[in-house]
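after the sequence you'll find the predicted model.
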Amino acid sequence: MARTIVSPPPDLDIAAALGQPASTLVRGGPFLFVSGLAAIDPATGQRLRGPIMTETRVVLTALKQMLEAAGSSLDKVVKVNVLMASMLEATPMNDVYAEFFPDPPPARTVCGARLPDGCRIMIECTALA
Amino acid sequence: MMRDVIAAPRPGLDFRRHYGHHQSPAIRAGGLIFCSGMLAIDPETGERRHGTLTEEAHCIFGNLKLLLESAGSSLDRLVQVHALIYDSIEYDVLNRVYRQYVAGGPPARTVWTAQSEAGFKIQLDVIAAA
């Protein structure tokens, strides 16, 4: 079985915007694997540094758009991993998160971690393609 | 292909109801079961059961067994485990309790240090074969 690197819309190629040797989206089997996404301003390609609700909203908006461009969607997401600079911000993150994901939502793990480049949040996920 | 939502097998394991977390207990898709991060929660009441790392791990594996078996899977069908522990000094403590639950052939595993909610010492993030 082959894997396929899926190109996101150019303004949403977040792995490239972060200068990472990573693909933003890779298809393998029935799944689409999404790299850890940080908040990038799609207008400038620069890191968007905001309070947690802003960063969460920017990341999830990009995720929604890139999944839909790849033929998937937020309601096909099976698992999300949320990495946060501070677990003290888990409640406002959860409030914004609940605006995006359908009911019933995907499985999810949230943890506090040391993130690169001052990110407040990184979100990675696995979706059905 | 569709995804199936696995409901909480016991009332205490519904994190959404008890803590407002916007997540399902587990999702089955593509022959796999993806579980939400498992924590030491009383499966009947939903109350947190903080303890030593060993005590929390026993509680988590008990909950994981309930969840996987309700979905037609089992601890013997674990494929991959991420063990998030609060301090790597407890790595050997983790291994001693972990070994008791994977006697049938351990799954792939990665351990790292991370902060879990509410000061829990360990969280398990797992994928099992459906």
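Sure thing, it's come through.

roughly how far apart are A:Ala98 and B:Leu39?
For A:Ala98, the distance to B:Leu39 equals 19 Å [C-beta to C-beta, to the nearest Å]. Using the backbone N, CA and C atoms, a C-beta is placed for each residue, glycine as well.

and those two? Which one has more around it.
Using other C-beta atoms under 10 Å in any protein chain shown, the more surrounded residue of A:Ala98 and B:Leu39 is B:Leu39, with 24 against 15.

touching, that one and B:Gly119? I think so.
No - between B:Leu39 and B:Gly119 there is no contact under C-beta atoms under 8 Å: 10.6 Å.

return the set of buried residues in the helix ranked longest in chain A.
When chain A is parsed with DSSP state H, its longest helix is helix A:52-69. For helix A:52-69, the buried set under the neighbour-count rule, 16 or more other C-beta atoms under 10 Å in any protein chain shown, comprises A:52, A:55-60, A:62-63, A:66-67.

can I get the longest helix seen in chain B in CSV, CA atoms only?
Determined from DSSP H, the single longest helix within chain B is helix B:53-70. The C-alpha trace of helix B:53-70 is given here as CSV (Å, rounded to 0.1, in the frame of the first residue of the first chain):
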residue,chain,number,x,y,z
LEU,B,53,1.6,6.7,39.5
THR,B,54,1.1,2.9,40.1
GLU,B,55,-2.3,3.4,41.6
GLU,B,56,-3.4,5.7,38.8
ALA,B,57,-2.1,3.2,36.2
HIS,B,58,-4.1,0.4,37.7
CYS,B,59,-7.2,2.5,37.6
ILE,B,60,-6.5,3.5,33.9
PHE,B,61,-6.0,0.0,32.8
GLY,B,62,-9.2,-1.0,34.5
ASN,B,63,-11.0,1.7,32.6
LEU,B,64,-9.3,0.9,29.4
LYS,B,65,-10.3,-2.8,29.7
LEU,B,66,-14.0,-1.7,30.2
LEU,B,67,-13.9,0.7,27.2
LEU,B,68,-12.1,-1.7,24.8
GLU,B,69,-14.2,-4.7,25.8
SER,B,70,-17.4,-2.7,25.3
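
for the chain, which segments count as helices?
Because you didn't say which chain, this covers chain A. Secondary structure of chain A by DSSP H: the helices cover A:14-17, A:52-69, A:90-100.

let's do chain B instead
For chain B, helices defined by DSSP H occupy the ranges B:15-19, B:53-70, B:91-98.
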